[in-house]
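Undergrad: Pasted the sequence and its predicted model underneath.
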Amino acid sequence: MSERLRIFRWRAIGPLLVLFVIGAVLWWLFADTIARHESQKVGTQMLGARVEIEHLHLDIANGKVLVRGLTIASPHEAFKNLLQADELVADLDVVPLTEKKLIINRVAANGLRFGTPRQTDGRVATSGDGIAGRVLAETREWASQFQIPVLQLASGKISVDSLDPRRLSTIPAAEALSARADSSRRAWQTAFDTLRLGPTLDSASATLERLRHARATDLAALNEARQAIDRLKRAQGRVTALDRGVKTGVADLQAGLAGLDSARRRDYAFARSLLKLPSLDAPQIGAALFGPGAIKPFERVLYYAQLARRYMPPGLLPRATTGPRRVRRAGEDVRFPKERALPAFLLRSAELSFLPQRYAGHLTGLTSDPALYGRPTVFGATGPQLAAGAMLNHVRAIPVDTAGATLGGITLPAFEVPGVPLRLDPGAATTQLAFALSGDTIRARFAIRSTNVRWTRDSGFAKSTIGNLIWQAVSGISNLDVESRLSGPLHHPDLAVRSNLDQAIASRLRAVLGEQVAAAEKEQRDRVDALINDKVGPVRARVNDVQTQAQAQVAQQRARLDELQKQLEQRLRELTRIRLP
Amino acid sequence: MFTLIKLIQSLFGALHSEGTPGQLAAGIVLGAFLGLTPLFNLHNAVVFALLVLLNVSFAGGLLGWALFVPVGFLLDPLFDWIGHSLLLAPSLRGLWTSMYNMPIVPLTNFNNTVVLGSLVFALLAAVPLFLLLRWAVARYRVTVGERVRQSRFYKALTASKVYNVYKLFRP
């Protein structure tokens, strides 16, 4: 009898326990390092910028985590940090860790600094991968939609770019209308032929002739006349139906002609856009001078707002995010929030202490599942000449994100004014930012105010007449007041930038360049007309010809039908009139 | 090179071990779990413990692991698709939500599409793979097994030190 097969290998319990003990010892030795690396990896992946931690200590037994030397690079600037912190101490709830949920009751952050320089490029989301990469790409694309007018003042010349006929919209519109006119003409002719009015008219004429020689007692002739009148009426009905179709078609062709006029206006605008004109409108000048710089703050705030919306979505539906990076495919992690359960991540409260130490802030309710937490995330910071606050309300279906900050007494760096070889040093200025994103509607405002700006000019600029005029206009201005506003649907908001320099520059420019600009615009309009008139003229004539022909044909046949019907009815009345002796 | 030699040694060592074809097949199937699913997950700790504690071929487990790692890489898109379909299926939402909010279970990373997809695939493939391997090992042993055992190549292979290590864990 064979030996019974054993299921368990009992002697392996010893080695397995040894392995378990080795694992525990390794965890005890390397837990801090592993947690530090994982925190850096996850943080970098989430923010799209390198997160570096000098030291991390886990004290799971007491539910404490200590982080020293935290550096988060800026996702937007290569050699700048978003923030640095000397020390963070976090109090954790340990039990939720068994559910893979991170609940932080309190964080105390000390020595926070913003915008510090760094040695290496800390951006990692430039490839467009992951959530941060996608959001960064989206916000960049969003920012690129704003057409910032270019101011060309240095030379004062108005250059005319070549006008490519293939880029004009009137010519293809005219060709399409011509084809439609031909098609309508053929369709109407076919419809007219299918009416078969000839036999009806011939038959009615013959009946009328017979009726003229008939007597009142010739019942057959009378019946035949009545039938002919019926046939004429039916033919009239068919002609009326055709007439309606012709009228609709004619209206369509007329709309096409109106469309040609609209296309011509668009082509004028396009041709005008090819002119390298110095703008003479004050709002345009404001946008040209400060537009590029004004969009950046909006772009950055929007990046963080959109990132927050991805990581803190409203509602309780399952949601998928990119899984952890590994050698194998990352896949997607799907989260399943549940009512009355803890969120996957919650930071209940954070006390923030900035450098210099007179600044302080607080943050409450930062969570991955706002619907579970039930309260919005609130941030606030105060200090000398600083007031900042933000609220991310993702508790309900339509998220509302608001932020506002006023920061005074900061020395802004000098910058080249776009399109003008002028350098503006704003000096100590006050900046204000207000931002509200409600659902997909954005309202934002960014303002810079300074009372002691300084201007310097490029040496080459001195030779230009326009340059001199601009220099005279702005060099005496010591106040700077720039305000940009953004409003409307998020995908296509309106940007308005104004400054106290706009009017001064605009009036100077208008005095010098007004006539030249008008002449250049007229020249471009003439060039457009020369290119499209050869195409549009014949099409207009063709459309008019087709509609005149169709309407005349219908009117002519209707008149013949009417005339015959009238004659038949009159003769019939004469024959059937009762004559008393 | 060493890994390759070790793999060949494992293969022949397992095929010619005293274990039954069933033990060898069961070992390879457990190893397949390690190879098909992302390695550092809680369920693989259980699989490893089973491989050690159950009286199956440990060498077969190592062999299965080595053989199925590239298969796992190749089938990752399929696993992702399976996991995605299962995790986002409305009929299963209640199950996943309960599991996601239980202690310990979320630590298995079951809510990752690749982890769940590969685990489900491995579970479904386990029984057919076991039956196929058991039949194949039995056929090998009654056909060419004895001739291989007598070959110089096999003798050289089994004479190396690595083989001695393997013998510690043979079934």
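TA: Now that the structure is in, tell me what you want to look at.
Undergrad: give me the beta-bridge partners of A:Leu407?
TA: A:Leu386, A:Thr431 (DSSP bridges).
Undergrad: count of neighbours near it?
TA: By other Cβ atoms under 10 Å in any protein chain shown, the residues close to A:Leu407 number 16. For the C-beta atoms, the positions are set from N, CA and C on the backbone; glycine is no exception.
Undergrad: cool, and the one 5 residues further on?
TA: A:Leu412 has 18 neighbouring residues, counting by other Cβ under 10 Å.
Undergrad: ok, the residue nearest to it when sequence neighbours are not counted - contacts?
TA: Using Cβ to Cβ, 6 or more residues apart in numbering or on different chains and skipping the chain neighbours, the partner closest in space to A:Leu412 is A:Pro426 (4.5 Å). Contacts for A:Pro426 were tallied using Cβ atoms under 8 Å, 6 or more residues apart in numbering or on different chains; they are A:412, A:414, A:448, A:450, A:453, A:480.
Undergrad: how much space between the second one and A:Arg454?
TA: Looking back up the chat, that one is A:Ala414. A:Ala414 sits at a distance of 8 Å from A:Arg454 (criterion: Cβ to Cβ, to the nearest Å).
Undergrad: quick one on the thing from earlier: which of the contacts of A:Pro426 ranks first by neighbour count?
TA: In these, the most neighbours by other Cβ under 10 Å go to A:Leu480, 23 neighbours.
Undergrad: beta partners of that residue?
TA: Bridge pairing for A:Leu480 - DSSP bridges - gives A:Ser450.
Undergrad: Check the gap between it and chain B for me.
TA: 53 Å (Cβ to the nearest Cβ, to the nearest Å).
Undergrad: How many neighbouring residues does the residue in chain B that chain A sits nearest to have?
TA: Per Cβ to the nearest Cβ, B:Val114 is where chain B lies closest to chain A, at 3.4 Å. Residues lying near B:Val114 (other Cβ under 10 Å) number 29.
Undergrad: Spell out which residues sit in contact with it, please.
TA: A:323, A:328-331, B:38, B:76, B:79-80, B:83.
Undergrad: does it belong to a helix or a strand, and which?
TA: helix B:113-140 (DSSP states H and E).
Undergrad: Quick check: mean pLDDT of that helix?
TA: The average pLDDT within helix B:113-140 is 94.
Undergrad: residue ranges with poor pLDDT in chain B?
TA: Filtered on pLDDT under 70, chain B yields the residue ranges B:1-7, B:10, B:159-171.
Undergrad: now the spatially most central residue of chain A, what's its secondary structure?
TA: Note on chain A: the residue nearest the mean C-alpha position is A:His491, at 2.4 Å, using Cα atoms, centre = their mean. Here A:His491 is recorded as coil under DSSP: H, G, I helix; E, B strand; the rest coil.
Undergrad: Now do the contacts for it.
TA: A:142, A:440.
Undergrad: Could you do A:Ala228 as well?
TA: A:203-204, A:207-208, A:568.
Undergrad: what about 7 Å?
TA: A:203-204, A:207, A:568 (Cβ atoms under 7 Å, 6 or more residues apart in numbering or on different chains).
Undergrad: Quick check: the residue of the stretch 201-350 of chain A nearest chain B.
TA: Counting by Cβ to the nearest Cβ, the stretch 201-350 of chain A gets nearest chain B through A:Gly331, at 3.4 Å.
Undergrad: Now do the buried residues in the top helix by length along chain B.
TA: Once chain B is assigned using DSSP state H, the helix that runs over the most residues is helix B:58-87. By 16 or more other Cβ atoms under 10 Å in any protein chain shown, the buried positions in helix B:58-87 come out as B:58-69, B:72, B:75-76, B:79-80, B:82-84, B:86-87.
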